[in-house]
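Q: model this:
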Amino acid sequence: MCQPQGQGFCDPFFCNGCCDYSMGFGGTCVPGNLPTKCGSGAVQCVNCISLGESCDTGTRTCAGCTPTACTSAPGKCGMPDGCGGKCTASEGATCTGGATCDDKGQCTCPGVEKALCNGQCMDVSSDASNCGGCGVTCPAGVACVAGSCQCPAPNGHFCDTNGSPLCTNLATDSSHCGGCYTSCPGTPCNDGVCGSCPTGATACSGACAILSSDNGHCGSCTNACPAGISCVNGKCPCGNGQDACNGTCTDLMTDASHCGDCGTTCPSGTTCAGGQCKCPAGTTLCNFTCTNVGVDPANCGGCNMPCPSGHLCSNGQCQ
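A: Down below sits the predicted model:
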């Protein structure tokens, strides 16, 4: 049966029925077994009644309906056939780019070395723009052989770096040391191994840093001092009783986003006072929610003190 994805979105990979677009653009997955909402394979639902037919609940297509949309133009394979199903090879549907339509309404390319890339069958064993898979591009002047970019020595290894392919030497490249994307922290790469940071320095995000004085890594690799403030002995001296959190000076005693410590966020509806999250008068903070423990059956008299099923909480006592 259909696996609904919720109103506003019909996912063709999970909907076994049809997509009902009557309530919105994204559509809703429905079973596809009604006369007014008939279909399978996540195609758009068809109103069989408007065609003078009924919905065959077995095939979830309009009974007696003859598909005419599948041969109206090339490349209709997998498209709605107008009767609640998909256009397939048996209905005369075709694919473009050298692909063949099968009986499931899918376009396939001949031979294991070919793949359907942007509507075209490409030989991924030799195509430098789709080497080993769609969209894998070899660097300029580098050939694709047996599905791999053949980089010349000594830069004999191929790295597809976020759409910027390159040939490199993993033994010496400090940005790809021993493997693609393995970056050294400002140290050389020797035989595929990054060198150590100098004595007193720490490796931080591809750089060696002195944590006691580095404004971008003050006290720790992830702590940056605010603009205009220098790191002294591993701390960002904000002044006025403030501390540096995520590059901003703030008061840990009152900041609800950094209450008592950097990154400690108070729940909605609470305030930060004295470095602690405080609930409004008459309520208590239980599991990140302010509640009245005098009447809350899940926290009756105190946090995590639930009443038995069916009991009420009154004056902090289960009744």
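
Q: where does the chain have its least confident helix or strand?
A: Within the chain, judged by mean pLDDT, DSSP states H and E, the helix or strand with the poorest mean is strand 157-161; its value is a mean of 83.

Q: for A63, what are its contacts?
A: Neighbour list for A63: C48, E53, S54, C55, D56 [criterion: Cβ atoms under 8 Å, 6 or more residues apart in numbering]. In this view, the C-beta of every residue, glycine as well, is placed from N, C-alpha and C.

Q: Sitting in strands, which of these do you find?
A: C55, D56 (DSSP state E).

Q: Restricted to buried residues, select the contacts of A63 in PyMOL.
A: Buried residues among these (16 or more other Cβ atoms under 10 Å), as a PyMOL selection:
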select buried, resi 48+53+55+56
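
Q: where's G141, which helix or strand?
A: Of the helices and strands defined by DSSP states H and E, none includes G141.

Q: Assess the claim that C184 and S174 are in contact.
A: Yes. Contact criterion Cβ atoms under 8 Å: C184 and S174 qualify, at 4.2 Å.

Q: Neighbour count for those two, which is higher?
A: C184 (23 against 17; other Cβ atoms under 10 Å).

Q: Contact partners for that one?
A: Taking Cβ under 8 Å, 6+ apart as the test, what C184 contacts is S174, S175, C177, C194, G195, G206.

Q: Next, count neighbours for D191.
A: With other Cβ under 10 Å as criterion, D191 counts 9.

Q: For the stretch 201-319 of the chain, which segments count as strands?
A: 202-204, 207-209, 243-245, 248-250, 271-273, 276-278, 284-286, 289-291, 313-314, 317-318 (DSSP state E, counting those that start in this stretch).

Q: ok, now how distant is D160 from V136?
A: 6 Å (Cβ to Cβ, to the nearest Å).

Q: repeat for N190
A: With Cβ to Cβ as the criterion, N190 and V136 are 30 Å apart.

Q: what does P188 give?
A: From P188 to V136 the distance is 30 Å (Cβ to Cβ).

Q: So which of these two has more stuff around it?
A: V136 (20 against 11).

Q: who's in contact with the more buried one?
A: V124, N130, C149, D160, P165.

Q: What sits closest to the second one if chain neighbours are left out?
A: So the one you mean is N130. Nearest residue to N130, sequence neighbours excluded (Cβ to Cβ, 6 or more residues apart in numbering): M122, at 4.6 Å.

Q: separation between that neighbour and G135?
A: On the measure of Cβ to Cβ, M122 and G135 end up 10 Å apart.

Q: quick one: which of those two has more around it?
A: The neighbour count for M122 versus G135, taken as other Cβ under 10 Å, is higher for M122 (21 against 11).

Q: Verify the stated contact: the more buried one with A115.
A: Yes. If you go by Cβ under 8 Å, M122 and A115 touch, sitting 6.0 Å apart.

Q: For this structure, give me the ranges with low pLDDT.
A: 1-8, 163 (pLDDT under 70).

Q: Swap in 50 and give it another go.
A: The chain contains residues with pLDDT under 50 at 1-7.

Q: Show me which residues of stretch 154-166 are buried.
A: For stretch 154-166, using 16+ other Cβ under 10 Å, the buried residues are N155, H157, F158, C159, D160, P165, L166.

Q: of all these, which comes closest to D261?
A: C159 (40.0 Å; Cβ to Cβ).

Q: how close does that closest one get to T137?
A: C159 is 12 Å from T137, by Cβ to Cβ.

Q: Quick check: neighbours shared by the two?
A: P165.

Q: For C62, see how far away D123 is.
A: With Cβ to Cβ as the criterion, D123 and C62 are 41 Å apart.

Q: Have a look at those two and say which one is more surrounded.
A: The neighbour count for D123 versus C62, taken as other Cβ under 10 Å, is higher for C62 (27 against 15).

Q: which strand residues sit across from the more buried one in the sheet?
A: Here C62 sits in beta bridges with C55, as judged by DSSP bridges.

Q: quick one: contacts for it?
A: C38, V46, C48, L51, E53, S54, C55, D56, C83, G84.

Q: burial measure for C313, as a count.
A: C313, neighbours per other Cβ under 10 Å, totals 21.

Q: same question, the one 4 residues further on
A: Other residues near Q317 come to 12 when the count uses other Cβ under 10 Å.

Q: Dihedrals phi and psi, L51?
A: L51 adopts backbone torsions of phi -90, psi 0, taken as degrees, to the nearest 10.

Q: Over to M122?
A: Torsion angles, degrees, to the nearest 10, at M122: phi -120, psi 150.
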